[in-house]
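>>> Dropping a prediction and its sequence here:
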Amino acid sequence: MSFLGNLNPKRPAGPQRWELRLARKGGPIDAAVAGWRRRNVLLSASVEGLLLAAIGFLLVSTRRMQKLAEQKMQFVAGVSHEFRTPLAAIACWRATRRTE
């Protein structure tokens with residue numbers, strides 16, 4: 001009998017169909033695949049949660065930085081005004097002293 005011949009007398013001669021059956025020691029493969037799928041879903045949900053937390057952190061940090069920049073601008077404007085006012089008075093006094 002050859003491998004190319006008809007192995008099953010009830011089936012007609014022609015291309016043979018082979019069937020491969022796998023068994024897992026720990027139980028059926030479907031259960032293992034379901035476990036892997038569940039683990040992957042939990043892992044992806046965890047990663048998405050971390051990404052959302054990082055985005056929220058970035059938004060809060062950006063708003064804080066904008067507030068800080070605004071406060072800095074107001075402080076510099078106030079300090080420059082406080083310096084300019086006495087300097088202007090001194091310059092005015094000096095100019096009047098020169099003209100005298």
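Arrived safely, thanks for sending.
>>> give me every residue that touches residue 61.
Residue 61 makes contact with no residue under the criterion CB atoms under 8 Å, 6 or more residues apart in numbering. C-beta here means a position set from N, CA and C on the backbone, and glycine is covered the same way.
>>> Name the helix or strand for it, please.
In the assignment (DSSP states H and E), residue 61 maps to helix 29-99.
>>> Off-centre distance for that helix?
Taking the mean of its C-alpha atoms, helix 29-99 sits 19 Å from the chain's own mean (CA atoms, centre = their mean, to the nearest Å).
>>> avg pLDDT for it?
The average of the pLDDT scores along helix 29-99 is 90.
>>> SS state for residue 19?
Look at residue 19: counting by DSSP: H, G, I helix; E, B strand; the rest coil, its state is coil.
>>> Please tell me how far it sits from residue 78.
Plainly put, residue 19 is 85 Å away from residue 78 if you go by CB to CB, to the nearest Å.
>>> Who has more neighbours out of the two?
More neighbours surround residue 78 than the other of residue 19 and residue 78, with 10 against 4 (other CB atoms under 10 Å).
>>> From residue 66, how far off is that one?
19 Å.
>>> go on, residue 74?
From residue 74 to residue 66 the distance is 13 Å (CB to CB).
>>> List the residues that contact residue 28.
So residue 28 contacts nothing (CB under 8 Å, 6+ apart).
>>> List phi and psi for it.
phi -70, psi 150 (degrees, to the nearest 10).
>>> Also residue 27?
According to degrees, to the nearest 10, residue 27 has phi 140, psi -170.
>>> Number of residues surrounding it?
For residue 27, using other CB under 10 Å, the count is 10.
>>> same question, the one 10 residues further on
By the measure other CB under 10 Å, the count of residues near residue 37 is 10.
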